[in-house]
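Peer 1: the sequence isn't on hand, but the structure is:
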């Protein structure tokens, strides 16, 4: 089976997830620019989630650029990833409406953690479905970046009950780690 | 006529159906993790519907992988399937908000039954539009799995008025039957 | 310029229009099957609009199957069509919530009329952008069906203030006229 | 990396942005045609935003028709553009609900300004990623039209606090400038 329809479906779901978050931005009653100030936390959480979903889309794009074929397991591993990403708008609006209280921030971290695990599973399933010399296998190596991210999410989750900002700092560090799409893949494509 | 645009449109509709269900997840007023507990039935029904729609997408994917051409009848049979699937978010939120009361559970089963009949019609119309040696014809055979599913939906519908959980058990058995994308098609693709 | 991206964008917009209508179906408070009865007019208007949008999608599909190239004018004529179709969910829910009162029914007819005019403009712009022997030119001929539809919409609009059901009958007759995708195009494709 | 998946994703996001604006059109309580009159400003602002998003889609379409390859920077520059465009529905409904008060009109202009800057960045990043003789470089030249638009948005923003209509006039002039998709690109495609 080819990858094109899986990509199209994932693009559709990601496009919708990234866009329906704006439905949470309720227009203020007043008509002054100051009326937008109370919306600021909602804007900020929308912005961060937009970047996170952008990162996932970029890496998904890179991942399937080198994937040659898919099977039933890959389809389900992909749907599992989309499931966790689909909960980001819910987590985002809970965080945004509550000015970064620890409960919602911890939940947000939990969703990010589950999404990163789902991405790891997807990668693993794809590698298993390909031959020994599959480019992705070399590109990822020991997947230090992936393991570091998971560790940071767990730390973020744990500290969120002590200090929301420390948790958010963890999530932002992970985002920075990944904001540059997987150079390892680009490199191996160029070498091949 | 080729199948690619029908696939793209179906992917779009399925991506939207699967994603708008999260709009039903209303953020709780409180900021504790416990505040998510009352949302649990909504989460569970979202999860089950996500899997169901995933199953339909996977099988739709397999189905059109071997379909060579479409005509007006296939377009309408496909729209009929999408129509019933588009009612799943409505049925899902009705079930989720009412902690699995028999009325909504029966309605949910009814929508699943209609969708499965629509899928059967789509299959039949596609087979009629192809030649005698069409791969799908052999792959499906007597379609034991399809008939068993329909029977289970009808049983589920009937028992839902006696016991919601028995009905849900029926729906879950059907899901398990189909969660592995149609091996029969994969097998015949490999043989061909 | 090629047609594929215009088709993809139109598919996306049509998929969303056809699907967001279900957001109008509000889950009833009660949990009995009877609680769905008051929703019946909403269901019926959703069903009719679904068929109408299905007809537009099918014919759009046929139209661009034979269109070889597009220019700026075709892009805008297509956006004009999408604009009017995007108002169908609004018109649908206004009709559905008000049990077919004459005001909403007339407005619904007005939107259908504008969409049909937009489709006619799109066809004309495409024909102008192609050569003399363009297949669409012959397929449409004097476009009797198109003119009849426009006439029926205008009649529907006019009678809606006297009798809603007579207006709805007009709209349904047009739907039946078009439910079979444009045979004229299929025929000319086969002949070519 | 090829452009097709970036185009598909952008098409998806733009299709959703352009369509979810209709969710702001709340059906009136009454059933007379006059009940639509108070909705007129909402309709008008929807119409203008639809045209603006149509312009962006058309120009995006033209831009990627000549783009041969993308890298990580192009992906992010594109996501940046989509981010600002995704705020248009919010700005639109704020303007529409408040009958063109200066606060919302200024905010609307700000979003348009940011989107135009994002488009400029995207163009620049694409040009940097291509060779000296890249067709886009010649087609754009000194980008007089782009600079004029930015100037008009800034003027619009400034005057919006004095007179909403003067601001709106500025925005409409920019729209008229761009409503014809980039002739410069079409010309250079034909010459090549």
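Peer 2: All right, it came through fine. The structure displayed is predicted, hence computed values, not measured ones.

Peer 1: any idea how far stretch A:50-61 is from the chain center?
Peer 2: Its chain's C-alpha centre and that of stretch A:50-61 lie 6 Å apart, by C-alpha atoms, centre = their mean, to the nearest Å.

Peer 1: and the residue in chain A positioned nearest to chain B, what pLDDT?
Peer 2: Closest residue of chain A to chain B, C-beta to the nearest C-beta: residue A:12 (3.2 Å). (C-beta placed from N, C-alpha, C; glycine too.) Here, the pLDDT recorded for residue A:12 equals 91.

Peer 1: does it really touch residue B:10, like I thought?
Peer 2: No: counting by C-beta atoms under 8 Å, residue A:12 does not reach residue B:10; the two are 10.2 Å apart.

Peer 1: quick one on the thing from earlier: need the pLDDT of the nearest residue to the residue of chain A closest to chain B once chain neighbours are set aside.
Peer 2: Once flanking residues are discounted, residue A:12 sits nearest to residue B:15: 3.2 Å by C-beta to C-beta, 6 or more residues apart in numbering or on different chains. For residue B:15, the pLDDT comes out at 92.

Peer 1: so where does residue B:15 fall, helix or strand?
Peer 2: Using DSSP states H and E, residue B:15 maps to helix B:4-20.

Peer 1: next, the buried residues of that helix.
Peer 2: B:5-20 (16 or more other C-beta atoms under 10 Å in any protein chain shown).

Peer 1: what's the answer for stretch A:143-159, then?
Peer 2: A:145-146, A:149-150, A:152-153, A:155-157, A:159.

Peer 1: export these as JSON lines, with columns for secondary structure, distance to residue D:82 and pLDDT.
Peer 2: Converted to JSON lines, the buried residues of stretch A:143-159 look like this (DSSP: H, G, I helix; E, B strand; the rest coil; distance: C-beta to C-beta, whole Å; pLDDT from 0 to 100):
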{"residue": "A:145", "secondary structure": "helix", "distance to residue D:82": "26", "pLDDT": "84"}
{"residue": "A:146", "secondary structure": "helix", "distance to residue D:82": "26", "pLDDT": "84"}
{"residue": "A:149", "secondary structure": "helix", "distance to residue D:82": "24", "pLDDT": "90"}
{"residue": "A:150", "secondary structure": "helix", "distance to residue D:82": "28", "pLDDT": "90"}
{"residue": "A:152", "secondary structure": "helix", "distance to residue D:82": "27", "pLDDT": "93"}
{"residue": "A:153", "secondary structure": "helix", "distance to residue D:82": "26", "pLDDT": "93"}
{"residue": "A:155", "secondary structure": "helix", "distance to residue D:82": "31", "pLDDT": "93"}
{"residue": "A:156", "secondary structure": "helix", "distance to residue D:82": "27", "pLDDT": "92"}
{"residue": "A:157", "secondary structure": "helix", "distance to residue D:82": "30", "pLDDT": "91"}
{"residue": "A:159", "secondary structure": "helix", "distance to residue D:82": "32", "pLDDT": "93"}
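
Peer 1: for stretch A:91-101, the averaged confidence score.
Peer 2: On average, the pLDDT along stretch A:91-101 is 86.

Peer 1: least trustworthy helix or strand in chain A by mean pLDDT?
Peer 2: helix A:183-191 (a mean of 65; mean pLDDT, DSSP states H and E).

Peer 1: below-threshold pLDDT in chain A: ranges please.
Peer 2: For chain A, the stretches flagged by pLDDT under 70 are A:1, A:181-192.

Peer 1: interface residues of it facing chain C?
Peer 2: residue A:12 (C-beta under 8 Å from any C-beta of the partner chain).

Peer 1: now the strands for chain A?
Peer 2: Remark: no strands are assigned in chain A by DSSP state E.

Peer 1: and the helices in it?
Peer 2: A:4-20, A:40-66, A:72-86, A:88-97, A:102-128, A:135-140, A:144-159, A:164-179, A:183-191 (DSSP state H).

Peer 1: the fourth one packs against which elements?
Peer 2: Of the remaining helices and strands, those touching helix A:88-97 by 3 or more C-beta pairs under 8 Å, 6 or more residues apart in numbering or on different chains; DSSP states H and E are helix A:4-20, helix A:40-66, helix A:102-128.

Peer 1: show residues contacting that helix.
Peer 2: A:17, A:20-21, A:24, A:41-46, A:48-49, A:52-53, A:104-105, A:107-108, A:111, A:115, B:22, B:25, B:27-28 (C-beta atoms under 8 Å, 6 or more residues apart in numbering or on different chains).

Peer 1: list only buried entries from those residues.
Peer 2: A:17, A:20-21, A:24, A:42, A:45-46, A:48-49, A:52-53, A:104-105, A:107-108, A:111, A:115, B:22, B:25, B:27-28.

Peer 1: just give the number of residues close to residue A:38.
Peer 2: Other residues near residue A:38 number 10, with proximity taken as other C-beta atoms under 10 Å in any protein chain shown.

Peer 1: typo on my end, residue A:135
Peer 2: 18.

Peer 1: and what of residue A:130?
Peer 2: By other C-beta under 10 Å, neighbour count at residue A:130 equals 15.

Peer 1: for it, which non-adjacent residue is spatially closest?
Peer 2: residue A:68 (6.6 Å).

Peer 1: burial count for the one you found?
Peer 2: 14.

Peer 1: before we move on, what about residue A:142?
Peer 2: 7.

Peer 1: distance of it from chain C?
Peer 2: The gap separating residue A:142 from chain C is 39 Å, by C-beta to the nearest C-beta, to the nearest Å.

Peer 1: likewise for residue A:72?
Peer 2: 25 Å.

Peer 1: just residue A:47 next, same as before
Peer 2: Counting by C-beta to the nearest C-beta - residue A:47 and chain C are separated by 24 Å.

Peer 1: list the contacts of that residue.
Peer 2: residue D:83.

Peer 1: contact partners for the residue of chain A found nearest chain D?
Peer 2: Per C-beta to the nearest C-beta, residue A:15 is where chain A lies closest to chain D, at 3.2 Å. Contacts for residue A:15 (C-beta under 8 Å, 6+ apart) come out as B:15, D:9, D:12-13, D:15-16.

Peer 1: go again with 10 Å.
Peer 2: Contact partners of residue A:15, counting by C-beta atoms under 10 Å, 6 or more residues apart in numbering or on different chains, are A:53, A:57, B:12, B:15-16, B:19, C:12, D:8-17, D:82.

Peer 1: and for residue A:153?
Peer 2: With C-beta under 10 Å, 6+ apart, residue A:153 has these contacts: A:109-117, A:167, A:170-171, A:174.

Peer 1: nearest spatial neighbour of it, skipping sequence neighbours?
Peer 2: Of all residues not flanking residue A:153 in the chain, residue A:113 sits nearest, at 4.0 Å (C-beta to C-beta, 6+ apart).

Peer 1: just give me the neighbour total for the one you found.
Peer 2: For residue A:113, using other C-beta under 10 Å, the count is 20.

Peer 1: likewise for residue A:29?
Peer 2: 8.

Peer 1: can you tell me how far the closest residue to it other than its chain neighbours is from residue A:130?
Peer 2: Spatially, and ignoring its direct neighbours in sequence, residue A:29 is nearest to residue A:35 (7.3 Å; C-beta to C-beta, 6+ apart). Distance, residue A:35 to residue A:130, using C-beta to C-beta, to the nearest Å: 54 Å.

Peer 1: any idea how far residue A:52 lies from residue D:36?
Peer 2: Taking C-beta to C-beta, one finds residue A:52 at 41 Å from residue D:36.

Peer 1: picking up where we left off before, tell me who's in contact with the residue nearest to residue A:153.
Peer 2: A:84, A:149-150, A:152-154, A:156-157, A:171, A:174.

Peer 1: which two of those lie the greatest distance from each other?
Peer 2: Across these, the longest distance by C-beta to C-beta is 16.9 Å; it joins A:84 and A:152.
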